[in-house]
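Visitor: quick one: sequence and predicted model below, then my questions.
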Amino acid sequence: MAYQAPVGTRDLLPLEVAQKRWIEERLQQVFQRWSYHCIITSTLERIDTLMAGGAIQPSTVIQLQNMEDEALGLRPELTASVARAVLTRTGEITQPHRLYYAANVFRRASQNHYNRQLELYQAGVELLGVGGIAADAEILLLLSDCISQLNLGQWSLILGEAGLTQSLLSVFPDGVRETVRRSLAHLDRIALEQLSLSSHLLERALLLLDLRGQPEEVFTRLARLDLTEEQIQTVNQLKSLVELLRTIQTQPGAGSTTAHIILDLSLIRTFDYYTGVVFEVVSNHQGNQRVLGQGGRYDYLLGLYHPCRISSPGIGFSLNVEEIHQALLPTGQLPSQMPSSNWLVVPTTPAAYAAAFIYAQKIRESTNLVRVELNLSEQTQPETIHAYAQQRSINQIAWVNEAGMPRIETISDRNTY
C-alpha cells in the first residue's frame, strides 16, 4: 500500500518551507510597518459560528464532530474567525483594531473539482472599527505595498463594489437573480443570453457584464442607467476612492503604491458578507495571470458576533501564499537551497561524544545565529569528513577529543590552528 497525503493537500519539504517563510516574513514586515499586530485564531470553529447570518456557505466547510457531538468545522477563511475572536474577547470595538495573520485555511472541494486544493496558506490583514474612504484607501495601499515589496512585476488591482452590484441586480426577479449573479461572476455572456428575460432585463444584464474596464469608461456607462440617490452616492464614493489612490500614486516619494486599476462591477466574492468595496490582485507575468489575493469591506459581519448585535465596520484582504510562490519561482528571488551549517563538530573517538556535545553547545550560544551539527557517523576518517563538509558547504570543522580540546580546521584553505 502506498501512503500518500490526502487529495487536495501537500507536504512541504524544507526548501519549500524556506521559500514559504521567505514570502511570509516579507509580508509580515510590511504589516508591522503599517502598525498591524499579529492575531492567531483557532483552526476549529463551531459550525453555528461559521454560519452566523449566512456569512459562510456550508458547502465550503470541512465539518468534524467532537466527543460531545458538537458540530465543528475547519475554518475556510480567516475574516469570520478574526471577527469572532475580537468580539468575544473584547466585547466591543471602541477604537481601530489593526490585525494581521499568516495561517492555513481549509475549503471543501465541490463535486466538479475533486482535485482542488483543500488546504491553503494565507497571509492577510483586518482593519476593524473604521469605515469610510480613508480606511478603504489604507487597506488598498497596504496591499499595494505588499505586492511591491515582493517585486512581482506587472499586476492589476480589480476593484468592485458589492453593495452597488447587489442593488443593480435587484431589478431581476427572485427566480433568476442568482443565475444572473452567477453568470456575471463567471463573465459568462452566453449563459446570460440564454436566460428567459425580457429585452429590457437582458439589456440590463449585458450592460452589467460590460461594467468592467478603465474607471472613467465604467463610470460613463453607469451614467446611462437610471440610478437611485443611494446608488449615485455609492458611485461618487467609488470615484473619490479611485481619485485618492491616483493622487497618492503621483506624489513624489510615493513609490509604487498602486497598480493599474480596473473597475469591475461584475466582481462578486465567494463569501456573501461583503457590503462595500471588493477587490482582487492579479499578476500578469509573461501572459500568465494569477489571482494573488482578494478582499473587501464587511460592515455587518462583526455585528453577528456581538452579544447585542451592535455592528462595527471592517475591511481586509488575504493573500494566497501558494499563488505568490508560483509567481515568484521564475524570478529567482526565492531561496534556491537550504542554509548550510556553519560548523561540523566531530568527536575524535566514541568516548569524546560528551565533550563534543558540550563544545557544540558553546558555539550555538553565540549572540548571532550559528548553525552547528554534530557528526553522528562512525566514519571519522579525515577524507570522509572533508568530503561531507564540502558537500554540505560547511566551512569550519572542530575535531574534539575526550578532554574537550578542539582542533579547528577551515575547509576553504585546509588551514589548521
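Guide: Nice, I can see it.
Visitor: does His325 touch Leu334 like I think?
Guide: Yes: with contact defined as CB atoms under 8 Å, His325 reaches Leu334; the gap is 7.4 Å. (C-beta placed from N, C-alpha, C; glycine too.)
Visitor: overlap in contacts, these two.
Guide: Overlap of the contact sets of His325 and Leu334 (by CB atoms under 8 Å, 6 or more residues apart in numbering) consists of Gln19, Ile23.
Visitor: could you export stretch 373-387 as PDB, CA atoms only?
Guide: Output of stretch 373-387 as PDB, limited to C-alpha atoms (Å, rounded to 0.1, in the frame of the first residue of the first chain):
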ATOM      1  CA  GLU A 373      25.800  20.000  13.500                       C
ATOM      2  CA  LEU A 374      27.500  17.000  15.200                       C
ATOM      3  CA  ASN A 375      29.000  14.200  13.200                       C
ATOM      4  CA  LEU A 376      26.900  11.100  14.200                       C
ATOM      5  CA  SER A 377      28.600   8.700  11.800                       C
ATOM      6  CA  GLU A 378      31.200   6.200  13.000                       C
ATOM      7  CA  GLN A 379      33.200   7.300  10.000                       C
ATOM      8  CA  THR A 380      35.700   9.800  11.200                       C
ATOM      9  CA  GLN A 381      38.500   9.500   8.600                       C
ATOM     10  CA  PRO A 382      39.600  13.000   7.500                       C
ATOM     11  CA  GLU A 383      38.900  12.300   3.900                       C
ATOM     12  CA  THR A 384      35.300  11.200   4.600                       C
ATOM     13  CA  ILE A 385      34.700  14.200   6.900                       C
ATOM     14  CA  HIS A 386      36.200  16.600   4.400                       C
ATOM     15  CA  ALA A 387      34.000  15.200   1.600                       C
END
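Visitor: in contact with Val346, which residues?
Guide: By CB under 8 Å, 6+ apart, the neighbours of Val346 are Ala356, Leu374, Asn375, Thr380, Ile385, Ile397, Ala398, Trp399, Val400.
Visitor: which residues does the fourth one contact?
Guide: Looking back up the chat, that one is Thr380. Contacts of Thr380 by CB under 8 Å, 6+ apart are Val346, Pro347, Thr348.
Visitor: which of those fall within helices?
Guide: Among these, DSSP state H puts none in helices.
Visitor: lowest-confidence entry in the contacts of Val346?
Guide: The member of these with the lowest pLDDT is Thr380, at 88.
Visitor: burial measure for Asp188, as a count.
Guide: By other CB atoms under 10 Å, the residues close to Asp188 number 14.
Visitor: from Pro335, how far out is it?
Guide: Going from Asp188 to Pro335 by CB to CB, to the nearest Å gives 41 Å.
Visitor: what's the answer for Gln29, then?
Guide: For Gln29, the distance to Pro335 (CB to CB) stands at 16 Å.
Visitor: can you check Val345 too?
Guide: For Val345, the distance to Pro335 - CB to CB - is 25 Å.
Visitor: can I see the domain layout of this structure?
Guide: As assigned by automatic domain parsing, the chain contains the domains 14-331, 343-416.
Visitor: which of those domains is buried the deepest?
Guide: Burial of the domains of the chain is given as mean neighbour count (mean count of other CB atoms under 10 Å); domain 14-331 ranks first at a mean of 17.
Visitor: any weak-confidence spans in the stretch 151-300 of the chain?
Guide: Low-confidence segments of the stretch 151-300 of the chain, defined by pLDDT under 70: 252-259, 270-271, 286-287.
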